[in-house]
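A.B. asks: Quick check, what structure comes out for this input:
(2 chains)
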There are 2 protein chains.
Amino acid sequence: MTAENRKAVVLVSGGLDSTTCLAIAKREGFEVFALSFSYGQRHRAELKAARKVAEALGVKTHLVLEVPLGVIGGSALTSEIEVPKDVPPEVMQTQIPVTYVPARNTVFLSLALAWAETLHAADIFIGVNALDYSGYPDCRPEYIESFEKMANLALRECVEGRLRMRIHTPLLHMTKAQIVRKGVELGVDFSMTHSCYDPDPVDRACGRCDSCVLRRKGFAEAGIPDPTHYAP
Amino acid sequence: MTAENRKAVVLVSGGLDSTTCLAIAKREGFEVFALSFSYGQRHRAELKAARKVAEALGVKTHLVLEVPLGVIGGSALTSEIEVPKDVPPEVMQTQIPVTYVPARNTVFLSLALAWAETLHAADIFIGVNALDYSGYPDCRPEYIESFEKMANLALRECVEGRLRMRIHTPLLHMTKAQIVRKGVELGVDFSMTHSCYDPDPVDRACGRCDSCVLRRKGFAEAGIPDPTHYAP
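C.D. replies: Numbers count the residues shown, from 1 in each chain, chains lettered A, B, ... in the order given. Sure thing, here's the model as predicted:
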C-alpha cells in the first residue's frame, strides 16, 4: 500500500534525528502533520529549529503544544540540574543520564495519538534510535512495540475498526552516521537543526553535552562536514 | 505488603467515581498525591469539585495540570458539539458517544506516570469502570493492562528495577450503585462531587446527560438519597 495522500503525525523536536525522520515520512509520500512540544525545556532553540524545519520540509500543518513536564520536574532538561559534559559515547550507553525526562516519549506519543485520531491518521513517526543514543528507556524497540499495542486498545477509531495505529521508527537501528547520510541523501539542510542540550545565549551549540557529542561523532563518521554553529 | 507510608498518584476529576477511588486509596493507607487536569473541558465545575474533594479527603498534594486536549478537539466535551441528553443506559453501552475525548485516559495516565516517577511512587489509581459506563474504549480492562505493561518499559525507575508500576482500578467491575454504596461506607460526601457534562451557569447538574443519567441511576439503585444539585 502506498502512502500517497495518507496523513501521518510526525514528532519534530528540531534535532538531527527527528528532522531526518520527517524527511523520510515525506519521501514515503505521507501528508505530514508535524507535532512539537513546549515542555519547559530550558532553551527555546529547539522550538525555533522545529519551526524552520517544518516549513523547509513542507509539512501540511505544524502544531506546537504546551505540555507541563517542567512543572513535574525530575530532569536536567526541565530544571536546574546541570547538563553533563564530555561524556564519552561508550560511557553514555552504560547508564541513563540526568537529561532523561520522566515519561517524555509516553506523554508526547499520547498527544500524537489524540491528534492522529481527530485527523483519522493511522501513522505516527518518531525519530527514536537505539544504537547511538543516550540510553533512554523510552527509545527502545520493546517500549515502542508495547506503546503501539496499547494505542490500538485506547482509541475509538481503532476499537471500531476504522484505524490500525502504527508507530513508525525508521531510525531505530541506524547509527548516527547513517542518519546523517540518510538526511543528506534526502536533501536535509542540517544547519537549521538544533541538538544541543545547553546552547549559549545566541543558540550556538556547546559541543560537549551528550547530544552534541553524538551529533559530532555522526558527522565525523559519515565523512560529512558538520554545519553546526558551535560556541567558540 | 501494606500500603502504609507508600505514595500513590490518584487521578481526581471531581466526579463520583474518582472521588470514591480516592477514598479507597486513602483507606488502603496510601499517602495520596491527587492529580487533576484542566484540558479545555467546557465547564470548570469539575475542577472546583476536584479541589474540594482533594481537600476534604486529606491528600498530601493536589496538582492541577494544563493539558492541551482542547486544542486538538474531536469531542463534545472540548468543543461546540452538543452533549446528548436522555440516552437510556442500555443504549449508551452500544456505541461510543460524542463525549469521548481522543486518547484522554492515555494522556492523563502518561502525565501520572511522569509525576509518579519523580515521586518514586509505584502506584497509580484511576476510577475507570467497565460496567455502568459510557462505552469509552480507554476504560476497559484490556486497555488498562496494556497501559501498565507499557509503563513498566517506559520509565527509568522501572527499567533499573527500583519501581514496578501498578495501575489500580478498584471500581472496574463495580456497578454505579456499588460505587455509591462504597463511597458512603467510606464517608464520602457526594454533594461536593460533580459529574454533569453540561451544568448550568451556577454549576447545577442538567440531570439528563449520560453522566447524570448514570449517576442518578446509581443513587436510585443503591437506595441512597441523591445529594446532587440539579437545575430546576
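A.B. asks: I'd like the next helix or strand past the helix or strand bottoming out on mean pLDDT in chain A.
C.D. replies: Of all helical and strand segments in chain A, the minimum by mean pLDDT, DSSP states H and E falls on helix A:89-92, at a mean of 78. Downstream of helix A:89-92, the first helix or strand assigned by DSSP states H and E is helix A:104-119.
A.B. asks: circling back to that earlier point, from the contact counts, what lies against the least confident helix or strand of chain A?
C.D. replies: Helix A:89-92 makes packing contacts with helix A:210-222 when contacts are defined by 3 or more C-beta pairs under 8 Å, 6 or more residues apart in numbering or on different chains; DSSP states H and E. For every residue, glycine as well, the C-beta is placed using N, CA and C.
A.B. asks: Flag every buried residue along the least confident helix or strand of chain A.
C.D. replies: Buried residues in helix A:89-92, counted by 16 or more other C-beta atoms under 10 Å in any protein chain shown: A:Met92.
A.B. asks: Pull the distance from it to the chain's centre.
C.D. replies: From the chain centre to the centre of helix A:89-92 is a distance of 20 Å (C-alpha atoms, centre = their mean, to the nearest Å).
A.B. asks: do the same with stretch A:120-139
C.D. replies: With C-alpha atoms, centre = their mean, you get 7 Å for stretch A:120-139.
A.B. asks: May I have that stretch exported as CSV, CA atoms only?
C.D. replies: C-alpha atoms of stretch A:120-139 as CSV (Å, rounded to 0.1, in the frame of the first residue of the first chain):
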residue,chain,number,x,y,z
HIS,A,120,-8.1,9.9,11.0
ALA,A,121,-4.4,9.3,10.6
ALA,A,122,-3.1,5.8,11.3
ASP,A,123,0.6,6.6,11.1
ILE,A,124,2.8,8.3,13.7
PHE,A,125,6.6,8.8,13.1
ILE,A,126,9.1,9.2,15.9
GLY,A,127,12.8,9.5,15.4
VAL,A,128,14.0,7.3,18.3
ASN,A,129,17.2,5.5,17.9
ALA,A,130,18.5,2.5,19.9
LEU,A,131,22.1,2.5,18.7
ASP,A,132,23.9,5.8,19.0
TYR,A,133,21.7,7.1,21.8
SER,A,134,21.8,8.2,25.3
GLY,A,135,20.3,5.1,27.0
TYR,A,136,16.8,6.5,27.4
PRO,A,137,14.4,3.6,28.2
ASP,A,138,11.6,5.1,26.0
CYS,A,139,13.7,4.9,22.9
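A.B. asks: could you pull out the helices for chain A?
C.D. replies: Under the criterion DSSP state H, helices of chain A are mapped to A:16-27, A:45-56, A:69-72, A:89-92, A:104-119, A:141-154, A:156-159, A:176-185, A:210-222.
A.B. asks: Just put those in a markdown table and tack on distance to B:Val107.
C.D. replies: Converted to a markdown table, the helices of chain A look like this (distance: least, C-beta to C-beta, whole Å):
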| stretch | distance to B:Val107 |
| --- | --- |
| helix A:16-27 | 20 |
| helix A:45-56 | 20 |
| helix A:69-72 | 12 |
| helix A:89-92 | 30 |
| helix A:104-119 | 4 |
| helix A:141-154 | 10 |
| helix A:156-159 | 14 |
| helix A:176-185 | 29 |
| helix A:210-222 | 26 |
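A.B. asks: shaky segments in chain A?
C.D. replies: Within chain A, the segments meeting pLDDT under 70 span A:1-5, A:42-43, A:93, A:132-134.
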